[in-house]
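Trainee: pasting the sequence and the predicted model now:
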Amino acid sequence: MDLYKKLKKKARSTRDRDVRQKIELFLLALKLGDVSEACARRGFSRKFYYKWWNRFEGSGFKLTALDEESRRPKRSPNQTSDEIEVKIRWLQKKHYGSRQIEAHLKRAGNKRSRKTVCHIMNGRKKVKRGSRARLKTHQKRYELPIPGQRFQMDVKYVPCLIDSKKAYAYVIVDECTRWRFAKTYHSLDAGTTVQFLMEFRLICPFPIHTIQTDNGQEFTYKLNPVAQHIEHPVDIWCEKEGIRHRLIPPGVKELNGKVERSHRIDMQYFYWKASSHCLETFNREQRRWMAYYNAERLHGGLDFITPLEKLEERTRTLKTQALGPEWESFKLKFLASQTIRPVQSKQDRQIETLERKLSQLLKKIA
């Protein structure tokens, strides 16, 4: 009877619902004198009763003994090391996402799942599950087999003023390798487009078959009712160079998805930190960013290799890969260009740049 009164007093002194339930089970068992009957009435098992009763009695009837204990293991031998966690957070500060970080770790021989990377990026907090937004339907992804088979070209309004003026970034992307060239101008017109294409033609490391654009007036007069009968300078230049100019249907931007995606990458990693005091300085930084983009940045669309690595891979595989008769001649043209001008290493490109600058300096002196 003394034990019953003691437990009754303990039950009144706590507001924890789980603890009260356990004490009430003990009180009912004492009142009935039958543990099985008490458990049946309360909906608990005898195993549950004796587990908590033995723990409660062994502690001298302390309420803390009825609290649930953590089941977290004392040791976690498979836990990610501090060194890799530091590397993940360092890559996160460089604005890399979980897929990019996973690829970088795998490349360095430290394979970690994307779930683990996300967990560390979120500070090991429990992720709240929300409803996922349904993506818009679009055409299936595709990849062209030959570098230079088709380029996607577009213009991006630079989000900041450069030298207190509006600026326009011309961008062109190869659909096969994602090799990319970009340059920024203060003007947006047909003449600037031709100037950009001429510079692109000189630097492109492989032949060009097709250039695909939208229907902007810097690319075509097709939608201009006044100038429809006038041949556009871009069409004239393409015809002269033996390059096909292809236009996408109006309003179907997903057909230029690769160059549109590259605009987003520029927004994430380049524009916000680029100098905006002078157009020449901006273009110099943009050239450095393009060199990094083509030679060092891992691309999810290429199974996390760089565009230059993709170019090397296509150069090897196309030697034995059979294509349709319509593309066989262009394939041979591409392979011949790579024999004449092989893919350069980063060091070779730096040496070539220095030699070009030296020759320009000598011409000025002369």
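Mentor: Everything's here; your move. Numbering: from 1, shown residues only.
Trainee: C-alpha from now on. contacts and neighbour counts both.
Mentor: Will do.
Trainee: show me the contacts for the nearest residue to A103 once chain neighbours are set aside.
Mentor: Nearest residue to A103, sequence neighbours excluded (C-alpha to C-alpha, 6 or more residues apart in numbering): F304, at 6.2 Å. Applying C-alpha atoms under 8 Å, 6 or more residues apart in numbering to F304 gives the contacts Q100, A103, L298.
Trainee: P307: how many residues sit nearby?
Mentor: P307 has 23 neighbours, counted by other C-alpha atoms under 10 Å.
Trainee: and it, how close does it get to G257?
Mentor: 17 Å (C-alpha to C-alpha, to the nearest Å).
Trainee: now do Q21
Mentor: Computed as C-alpha to C-alpha, the Q21 to G257 distance reads 61 Å.
Trainee: V158 now?
Mentor: Separation of V158 from G257 (C-alpha to C-alpha): 19 Å.
Trainee: of the two, which one has the most company?
Mentor: Neighbour count, other C-alpha under 10 Å: between V158 and G257, V158 has more, with 19 against 15.
Trainee: tell me which strands and helices the helix or strand containing Q21 is in contact with?
Mentor: Assessed by DSSP states H and E, Q21 sits inside helix 17-32. Here helix 17-32 touches helix 2-12, helix 35-42, helix 46-58, going by 3 or more C-alpha pairs under 8 Å, 6 or more residues apart in numbering; DSSP states H and E.
Trainee: residues contacting A65?
Mentor: R55, F56, S59.
Trainee: strands along the stretch 101-250 of the chain, start to end?
Mentor: Counting by DSSP state E, counting those that start in this stretch, one finds strands in the stretch 101-250 of the chain at the ranges 151-157, 168-174, 180-185, 210-213, 244-247.
Trainee: got a markdown table for these, with mean neighbour count too?
Mentor: Below are the strands of the stretch 101-250 of the chain laid out as a markdown table (neighbours: other C-alpha atoms under 10 Å):
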| stretch | mean neighbour count |
| --- | --- |
| strand 151-157 | 21 |
| strand 168-174 | 22 |
| strand 180-185 | 21 |
| strand 210-213 | 21 |
| strand 244-247 | 17 |
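Trainee: can you lay out the ones you listed as JSON lines showing mean pLDDT and distance to K331?
Mentor: Below are the strands of the stretch 101-250 of the chain laid out as JSON lines (pLDDT from 0 to 100; distance: least, C-alpha to C-alpha, whole Å):
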{"stretch": "strand 151-157", "mean pLDDT": "95", "distance to K331": "16"}
{"stretch": "strand 168-174", "mean pLDDT": "96", "distance to K331": "15"}
{"stretch": "strand 180-185", "mean pLDDT": "95", "distance to K331": "20"}
{"stretch": "strand 210-213", "mean pLDDT": "94", "distance to K331": "14"}
{"stretch": "strand 244-247", "mean pLDDT": "94", "distance to K331": "16"}
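Trainee: of those, which is nearest S76?
Mentor: strand 180-185 (44.9 Å; C-alpha to C-alpha).
Trainee: now do the closest one: which elements does it pack against?
Mentor: Where contact means 3+ C-alpha pairs under 8 Å, 6+ apart, strand 180-185 is packed against strand 168-174, helix 190-203, helix 279-295.
Trainee: pLDDT weak spots in the stretch 201-350 of the chain?
Mentor: 340-350 (pLDDT under 70).
Trainee: CSV for the helices and strands packed on helix 17-32, including mean neighbour count, distance to H263 and mean pLDDT?
Mentor: What follows is these, written out as CSV (neighbours: other C-alpha atoms under 10 Å; distance: least, C-alpha to C-alpha, whole Å; pLDDT from 0 to 100):
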stretch, mean neighbour count, distance to H263, mean pLDDT
helix 2-12, 13, 65, 82
helix 35-42, 15, 64, 90
helix 46-58, 14, 61, 90
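Trainee: out of these, which comes closest to S81?
Mentor: Closest approach to S81 among the helices and strands packed on helix 17-32 (C-alpha to C-alpha): helix 46-58, 36.7 Å.
Trainee: what is the helix or strand that the closest one is followed by packed up against?
Mentor: Using DSSP H and E, the helix or strand that follows helix 46-58 in sequence is helix 82-93. Helices and strands touching helix 82-93, by 3+ C-alpha pairs under 8 Å, 6+ apart, are helix 98-107, helix 114-121.
Trainee: buried stuff in helix 82-93?
Mentor: The neighbour-count check on helix 82-93 (16 or more other C-alpha atoms under 10 Å) flags I88, R89, L91, Q92 as buried.
Trainee: tell me how far that helix lies from the chain's centre.
Mentor: 17 Å (C-alpha atoms, centre = their mean, to the nearest Å).
Trainee: can you give the contact residues for it?
Mentor: Under C-alpha under 8 Å, 6+ apart, the answer for helix 82-93 is I101, N110, V117, I120, M121.
Trainee: could I have the CA atoms of it written out in CSV?
Mentor: Taking Å, rounded to 0.1, in the frame of the first residue of the first chain, the C-alpha atoms of helix 82-93 are listed here in CSV:
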residue,chain,number,x,y,z
ASP,A,82,36.6,15.8,-40.9
GLU,A,83,39.0,16.3,-43.8
ILE,A,84,36.4,15.4,-46.4
GLU,A,85,33.8,17.4,-44.6
VAL,A,86,36.1,20.5,-44.8
LYS,A,87,36.6,19.8,-48.5
ILE,A,88,32.8,19.6,-49.1
ARG,A,89,32.2,22.9,-47.3
TRP,A,90,35.1,24.5,-49.2
LEU,A,91,33.5,23.4,-52.5
GLN,A,92,30.1,24.6,-51.2
LYS,A,93,31.6,28.1,-50.6
